[in-house]
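# Fold the following, please.
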Amino acid sequence: MLRFEGKSVLVTGASSGIGLAAAHRFAQEGAAVICIARSKERLEQAVRTLPGTGHLALPMDASREDDVEGASSRLKAGNWIIHAAALCAGQHSLRPLQLLKAAHIDESLAANLRSALLCTKLAAKLAPREGAAIVWVSSAAALVGSAGEAAYAASKGALLSACRSLAAELASRRIRINVVAPGLVETPMSERWLGQMAPEQKQAILSRHLLGFGQPEDVAAGIAFLASEEARWITGVCLTIDGGLTCH
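Modelled structure (predicted):
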């Protein structure tokens, strides 16, 4: 499939995990991919692995307003048009209530919510007149309770509410916005998180995923669908991609 041939797609968190898998999926389907992540070295290395041509590495912190505004100016100066965006940048933390501090809450909200809102503003500003599609990455943690994840779950749950509001706000411009909510996906981030657990805790989490843990490519496929014209009548929804975690 070449659903994104001749189009430009913005991907945040593009240096690893779901973001990198999404960047690859869009590139395989013909897109020129604008890749955003904080580490310049890792980002440039990731972009070199993408198939196709015309991709751009744009190192920045997606949660910092100055960085996002600078990127917006650079893209506008380069006459970039953003036809779709996959906003995958985020942070996961496991911290029980008694260890939770205000700084931890702010960190989760900045990485998972603020980055999505700021980069949505960027994408909407550079969207073509015929419209665009934006996909956020939430988490199954927003839908089911799990100990030690209050701040993380709150920041990911906020994406579900904000998505519905922006779907209503941006519909007049034909800009669609949807969310995917993955279960546990095997990425460097999840490996660090699981590394904090005892073996029996890991096994308990695995057993709740009826189809086992996912791969980044599983989520990238859902992101690409929601960003494509095949989903042109879908906006303001959450697509759960979780191996059966939330169905029981």
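# end to end, how far does stretch 35-55 reach?
One end of stretch 35-55 sits 8 Å from the other (C-alpha to C-alpha, to the nearest Å).
# quick one: the most centrally placed residue in the chain from residue 204, how far?
Most central in the chain under C-alpha atoms, centre = their mean is residue 88, positioned 2.0 Å from the mean C-alpha point. Counting by C-beta to C-beta, to the nearest Å, the gap from residue 88 to residue 204 is 27 Å. Placement of C-beta: from N, CA and C, glycine included.
# Which parts of this structure are helices?
Taking DSSP state H as the test, the helices found in the chain are 17-28, 40-48, 65-77, 102-109, 115-125, 150-170, 188-194, 199-208, 216-227.
# Alpha carbons only: can I get the shortest one in CSV?
Coordinates of each C-alpha in helix 188-194 appear next as CSV, following Å, rounded to 0.1, in the frame of the first residue of the first chain:
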residue,chain,number,x,y,z
PRO,A,188,13.0,0.1,25.4
MET,A,189,10.7,2.1,27.6
SER,A,190,8.6,-0.9,28.6
GLU,A,191,11.8,-2.9,29.2
ARG,A,192,13.0,-0.3,31.7
TRP,A,193,9.6,-0.3,33.4
LEU,A,194,9.4,-4.1,33.6
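# wait, doesn't residue 104 sit right on residue 150?
No. Assessed by C-beta atoms under 8 Å, residue 104 is found out of contact with residue 150, at 9.7 Å.
# Please pull out the lowest mean pLDDT helix or strand from the chain.
helix 188-194 (a mean of 76; mean pLDDT, DSSP states H and E).
# which other residues reach it?
Contacts to helix 188-194, defined as C-beta atoms under 8 Å, 6 or more residues apart in numbering, come from residues 16-17, 91-94, 184, 202, 205, 213.
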